[in-house]
Every structure is written in C-alpha cells, then in structure tokens.
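Student: here's a sequence, model it:
(chains A and B)
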Amino acid sequence: MIHARDLTRTFKTKAGAVEAVRGLSLDVAEGELVAFLGPNGAGKSTSVRMLTTLLPPTSGTASVGGSDVVAEPAAVRRKIGYVGQKNGAGVYYKVRNELLTQGRAQRMDPAVARRRADELIEMLELTGLEDRTGAKLSGGQKRRLDVALGLMHNPEILFLDEPTTGLDPHSRANLWEHIDRLRKATGMTIFLTTHYLDEADTMAERVMIMDNGRLIADDTPARLKADLAGDRISVSLTSTTEAEQAAGIAANLPGARETEVCGYSVAVTVREGEAILPEFIRRLHEVGAQVATASVKRPTLDDVFLGLTGRSLRESAVG
Amino acid sequence: MTFAADVWTSFTREMKPLVSGWVWLAFGLVQPLLYIGLFVPLLGQVGIEGPSPLQWFIPGMIVMLTLFGTAMVGWSLTEELMSGVLERFLATPMSRPAMLMGRAMKELFPLVFQAVVMIVIAVPFGLQIFGPTMIYGLLLLGLFGIGVAALSYALAVAAKEDTSMFYMVSQSVALPLMLLGGVLLPMEMAPGWLYTASRFNPLTYLVEAERALFVGEFATMSVLYGSLVVLAVLIIGLAVGATTIRKATV
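Tutor: Predicted structure coming up:
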C-alpha cells in the first residue's frame, strides 16, 4: 500500500540546509498497522507529509495506494485519510457541518455523506455535539472529530500524525480504543507517528524507529526488543567470590552479552530471559553458589532506542 | 465542473459561521456611522461640489471599508494555517485555487451588506439614489474586494512563519493606499507632489469611478479607469493567490 524509495527532504533555514529526512525507504502492506517512533525532530512528520502529498520530496520516490505522490497527488488524496498533528476542525464551524464539508471536499455523494457523518458521530462518541463549534470541544473531542474527518470518505489508508499528543491519559486510551475498534472492523491500513513508547509497543504490529532523518530499525515490537535490547537477568548471591563465579557462568549462557558484576550481584543480557533463568540457576547450583534473589527485566522500546543510538528516547525529545 | 463545486464547497463552509455572526457585521457599521455623524458635517465647509457632500463622501467611505475589510481577511486564514485546518483540506482532492476563491467570494457578502446599509442610512441625511450606476459601483467594489482578499490570503500563506509580519505588511500597504486615494478629503487640495503620488495609486481611480457612479455618471473616463483597475486587481489577486496556495506546504 505504501512504498518509499530513498526519500529525502532538505529544508533551507537561515542556519543553512537542514536534512530532515535522509534516504527513507519503506514498504507497508495492506491492512498493516505501522508506527513511526522517534524523538521530536527525527523527521517523522516530514516523512508523513511527503507520503500524504503535503510536501514535495527533495529527491526519491513514493507511492501510496498505487499512485505516485508527486505525479498523481489527487489520486493519492482520494485514497488516504489524513489526521495531522494539529486540529483539523475550524473553531467557528459546527461539528456536523465540518464533516459534511469534508465529504464534499472528498467528492462524496451528499446523501452518502450525511449517512456517513451520522455513523461517524455515533462511532466516535460525538453524539450531542453535532451543533457545537470547534472552539467549544474538549481536547479529546477535538481529536475524535479530527479522526472522524479523516475517515469521512472511508479511505483505504489512514495516516495519523501524533494522534494522541497533548491528550490526557484517559483521552489517549479512549482514542486508542476507537482506533483499535475501527481497525478490527475495517482492516484499514493505518500509518501513525508517535513519540509515546508504550503506544507504539502495545498498538502497532510493526514499529519503524526513526532518528535524525533515518530509519534505524523496522520490525515487530517483540522482535526489536529481543534482537536489539534483550532481557536483562539479574541474580544476587551471598559473596563476591560467588558473584565472580556466577559471572563466568553467565558469560557462557546462550546469546549472553553485557555481563556485569556489582558487589554480590551479576547481570547479563540474553534473548529469552524467562527460558534461560532456570538454566542459569541450575548451573549456579551445580557449582554450589547460593542464589539469594533472581529477576528478569523485559526491555522496552526505549531500551531498543538506547541500544541503537546510545541515547534514551525520553532524553532525546527536543522541545 | 469540479472546480466550481470546490469553490462552492469552500464558499458555503465560510458562509455558515458568518450567517450566525451578524454581531460582527453590526459592529462593522459603528465606524462608518461615526464618520457620517462626526466627519461629514465638516465637509460642507470644505467646499465639495455636487448635490450633497454625502454623494462625494459615501463612495470614498465604502471603498475604505472594502479595502480594510478585505486586506485583513488573511488573518482568518492565518488562524487556520496555524491550526491544522488548511492542511486538512490540502490533503483532500479539492482544487487549491478553488479553496481560495470560495473564501474570497465569501468576503464579498459582508462588504456589499455594509455598503448597502451605509447607503440606506445616508439617504435621510441627503444622499440621492442613482440606482443602476450605484449597483454597478457595488459590483466593482465586490470584485475589487475579491482581488484584495486573494492577495491578503497569499500574504497570510507567505507570512505563515511570522504572524506579526502579516499585520505589518497588510497595514503598511493599506493605510498609505487609503490616504493617497483621496478617500477622506479631495486630492485636488493636496500639494503638487502628493497629488502626483496619488495618480500612481490604483485606489485613486477606483474612488474616482465610485464618485462618478454615485452621482449617476456612467460613460466617463473615470468609470472606465476604475473598472480597469478593478479588473487588474482581480486578475492579479487571483493569480498570485492561486500560485501561492498551490505551492503552500503548510
């Protein structure tokens, strides 16, 4: 559904040329839910804006729904629903009117558009707000309206640019419920950007990590965590000698790396911690070491980002 | 066909809040009423020719209203540029120049409404009505307003990084145009250099055409020049506006 090859985008600023996106190539199949994860300024939005025809690429090619974003922008725009980072509904305009206007902008038949607007108002819990103006909606309501606007013409592909940024946790969870339900009901291809790690982790089937204008990882959250971060096993023993002994055993565990001794404790990173921990304890038992405590810490996508860039995603968030 | 439909879509979207916002239209009339009450009585002393000073003053006044009303309309677009509204439309198949044209056309309504109300208010104070030529005058004003509005939108798109820039540019263009257009006082009273400068101001020709039309003259050179100026502003405005919005990346 979405294919990009060597997309780049350079912005001219007073400080010189800034390469926002450098050689982005990606493929998204029909029905996938893909999250673009990365710190602010990583080039996520710029990439999405190129894929949605809002910004011409400096170089490279991309096609969305089979149409080229540069050569056939109108065809792309018919196929996609776009929910930008900022609110798309005007502050002076009424909820229902905005939906109907959107339907007209997408060249829908008026009767179909009216039915669809009612359907979306109900689906996204906007019932009772039809005649309110944008200015009188809460943050969560505005965002749900934005999603409804993007869905008006039943697009094949939905782009969501930071759909939950700025929302309180309750509204975030609520919006996600809607997106999840929508996906189960329609099987729509969804491409979203986020800088919330937990969101990418729990919602996306595939995560693409972007940093500094480049795609640095692209896989399922589970595989990214296993391959790029791994589980951290920690055991504490009863003496430093035992700890040294344990470190030797730890380093020989399958796929072991980053073995570390600290006082009575030993930590090691492995691929499948839960499966390896019993084996580790058994081997320690064999050499007569007394295990006092043992734990496995599952990695987060932040650990993945840290492993890839040496920086934490939380720290890298600029502004 | 789709172009016309897109213009209509954009136009009707803009009209809906306007219809429910009549307070603003009423507010827009306060200023002209003050001029009629507090300024027009002075004109008798200045020696304006014609049946009534209002016949001379009202056309200037409505040109001024049109200019200031439409020069600032870009502000509404700035607001929608800063939020994601314009971007939302840019991601639909809608024609971009059509979006702009629909918006600009909507500006015509409050203007024509204000102008008509001003004329009606001025009748008891002695304004004589010359129906056909005045209607032509309003038509010219409306077209002029669409052209200026389109330019104002283009400015808003160009100055999207810096909203104070929009104010500075629009004000520093509109104010000298207004003063040099002889809207408030006859330019014939001006010193030579100022008069010469006013001849390079397109607005001067529109004001003169309106004044001719407001005393019932039609087949005069000033009406011709005024009409040509309006046509030029309309074409340039729409062309510049369409080019800017086509390139708009938000």
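Student: any figure for the gap between the residue nearest to residue A:249 when sequence neighbours are not counted and chain B?
Tutor: Among residues not flanking residue A:249 along the chain, residue A:283 sits closest, at 5.1 Å (C-beta to C-beta, 6 or more residues apart in numbering or on different chains). For every residue, glycine as well, the C-beta is placed using N, CA and C. Counting by C-beta to the nearest C-beta, to the nearest Å, the gap between residue A:283 and chain B amounts to 58 Å.
Student: domain ranges for chain A, per the record?
Tutor: A:2-224, A:231-298 (automatic domain parsing).
Student: JSON lines for the ones you listed, including mean neighbour count and distance to residue B:32?
Tutor: Formatted as JSON lines, these follow (neighbours: other C-beta atoms under 10 Å in any protein chain shown; distance: least, C-beta to C-beta, whole Å):
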{"stretch": "domain A:2-224", "mean neighbour count": "19", "distance to residue B:32": "24"}
{"stretch": "domain A:231-298", "mean neighbour count": "16", "distance to residue B:32": "71"}
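Student: format the ones you listed as a markdown table; extra columns: mean pLDDT and distance to residue B:111.
Tutor: Below are those laid out as a markdown table (pLDDT from 0 to 100; distance: least, C-beta to C-beta, whole Å):
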| stretch | mean pLDDT | distance to residue B:111 |
| --- | --- | --- |
| domain A:2-224 | 91 | 19 |
| domain A:231-298 | 89 | 65 |
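Student: okay, the spatially most central residue of chain B and residue B:145: tell me how far apart.
Tutor: Centroid-nearest residue in chain B: residue B:66, 2.7 Å away (criterion: C-alpha atoms, centre = their mean). Taking C-beta to C-beta, to the nearest Å as the measure, residue B:66 falls 5 Å from residue B:145.
Student: for those two, list the residues in contact with both.
Tutor: residue B:111 (C-beta atoms under 8 Å, 6 or more residues apart in numbering or on different chains).
Student: what is the host helix or strand of residue B:61 packed up against?
Tutor: Residue B:61 is located in helix B:53-71, with elements delineated by DSSP states H and E. Where contact means 3 or more C-beta pairs under 8 Å, 6 or more residues apart in numbering or on different chains; DSSP states H and E, helix B:53-71 is packed against helix B:22-38, helix B:40-46, helix B:96-122, helix B:131-158, helix B:163-180, helix B:202-214.
Student: now that helix against helix B:131-158, angle please.
Tutor: Counting by axes from the mean of the first three to the mean of the last three C-alpha atoms, to 10 degrees, helix B:53-71 points 30 degrees away from the direction of helix B:131-158.
Student: please name the residues that touch residue A:47.
Tutor: Listed by C-beta under 8 Å, 6+ apart, the contact partners of residue A:47 are A:4, A:7, A:9, A:21, A:24, A:36, A:210.
Student: try residue A:62
Tutor: Shown in contact with residue A:62 (C-beta under 8 Å, 6+ apart): A:2, A:3, A:4, A:5, A:7, A:50, A:51, A:68, A:69, A:70.
Student: could you do residue A:116 as well?
Tutor: Counting by C-beta under 8 Å, 6+ apart, residue A:116 has contacts A:99, A:103, A:108, A:152, A:153, A:154.
Student: I'd assumed residue A:160 was in contact with residue A:191.
Tutor: Yes. Using C-beta atoms under 8 Å, residue A:191 is in contact with residue A:160, at 7.3 Å.
Student: for chain A, which residues are neighbours of chain B?
Tutor: A:49, A:52-56, A:74, A:77-78, A:80, A:82, A:84-94, A:97-98, A:101-102, A:104-107, A:133, A:146, A:149 (C-beta under 8 Å from any C-beta of the partner chain).
Student: mind listing which of those are in strands?
Tutor: A:80, A:82 (DSSP state E).
Student: distance check, the residue lying closest to residue A:182 once chain neighbours are set aside against residue A:54.
Tutor: In space, and not counting its chain neighbours, residue A:182 is closest to residue A:188: 6.6 Å by C-beta to C-beta, 6+ apart. Distance from residue A:188 to residue A:54, counting by C-beta to C-beta: 20 Å.
Student: which secondary element of chain B has the worst mean pLDDT?
Tutor: Here the helix or strand of chain B ranked lowest by mean pLDDT, DSSP states H and E is helix B:40-46, holding a mean of 70.
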